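Visitor: Structure, please.
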Amino acid sequence: MPKVRRSRKPPPEGWELIEPTLDELEQKMREAESEPHEGKRKVEALWPVFRIHHQKSRYIYDLYYRRKAISKELYEFCLKENIADANLIAKWKKQGYENLCCLRCIQTRDTNFGTSCICRVPKAKLEEGRIVECIHCGCRGCSG
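Guide: Residues are numbered from 1 along each chain as shown. Okay, the predicted model is just below:
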């Protein structure tokens, strides 16, 4: 299958190091999108897509901010080409949001009482043995 070029501008130096991992995640994304959704709740069908999107953005974030393995040009190229989610990465840089699973979990307009998602509540504050699952992305607790 031919590779789809995102822009006419060639990717910056270092692209060949991260390209195999991004191609693998893109293949997983295609499989998740074409996966049958019979027998699942309406919201459950999108959970694998959210997880892979998070994984791809976290990969780019870790390479640039934690391991310092890629250049600023390559990082900005990935953001510009929408390979990684710039808004999600911006939240990860803020204190308290380091493990955020998706942006929908902190949007108050999507909840009944104008609060954040249940997965943002620390596990210590929940009942013992209670399994919490976010309805937006299937996260089981991203507050820490």
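
Visitor: Please parse this structure into its domains.
Guide: Domain assignment for the chain by the TED database gives 15-93, 96-143.

Visitor: which one of the ones you listed has the lowest average pLDDT?
Guide: Per-stretch mean pLDDT for the domains of the chain is lowest at domain 96-143 (a mean of 85).

Visitor: Kindly provide the distance from the nearest residue to residue 102 once chain neighbours are set aside to residue 75.
Guide: Distance criterion Cβ to Cβ, 6 or more residues apart in numbering; nearest residue to residue 102, sequence neighbours excluded, is residue 137 at 4.5 Å. C-beta coordinates here come from the backbone N, C-alpha and C atoms, glycine included. Here residue 137 is placed at a distance of 24 Å from residue 75 (Cβ to Cβ, to the nearest Å).

Visitor: Let me have the domains of the chain in TSV, adding mean neighbour count and distance to residue 9 as columns.
Guide: Written out in TSV, the entries for the domains of the chain read as follows (neighbours: other Cβ atoms under 10 Å; distance: least, Cβ to Cβ, whole Å):
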stretch	mean neighbour count	distance to residue 9
domain 15-93	15	8
domain 96-143	14	28
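
Visitor: would you list those in a markdown table and tack on distance to residue 8?
Guide: What follows is the domains of the chain, written out as a markdown table (distance: least, Cβ to Cβ, whole Å):
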| stretch | distance to residue 8 |
| --- | --- |
| domain 15-93 | 12 |
| domain 96-143 | 30 |
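
Visitor: If we ignore the residues flanking it in sequence, what's nearest residue 136?
Guide: The shortest distance from residue 136 to any non-neighbouring residue, by Cβ to Cβ, 6+ apart, is to residue 104 (4.2 Å).

Visitor: Torsion angles phi and psi at that neighbour?
Guide: As for residue 104, its main-chain torsions (degrees, to the nearest 10) stand at phi -70, psi -20.

Visitor: and what of the one 4 residues further on?
Guide: The phi and psi torsions at residue 108 (degrees, to the nearest 10) take the values phi -80, psi -20.

Visitor: do the same with the one 10 residues further on
Guide: Backbone geometry at residue 118, expressed as degrees, to the nearest 10, gives phi -70, psi -30.
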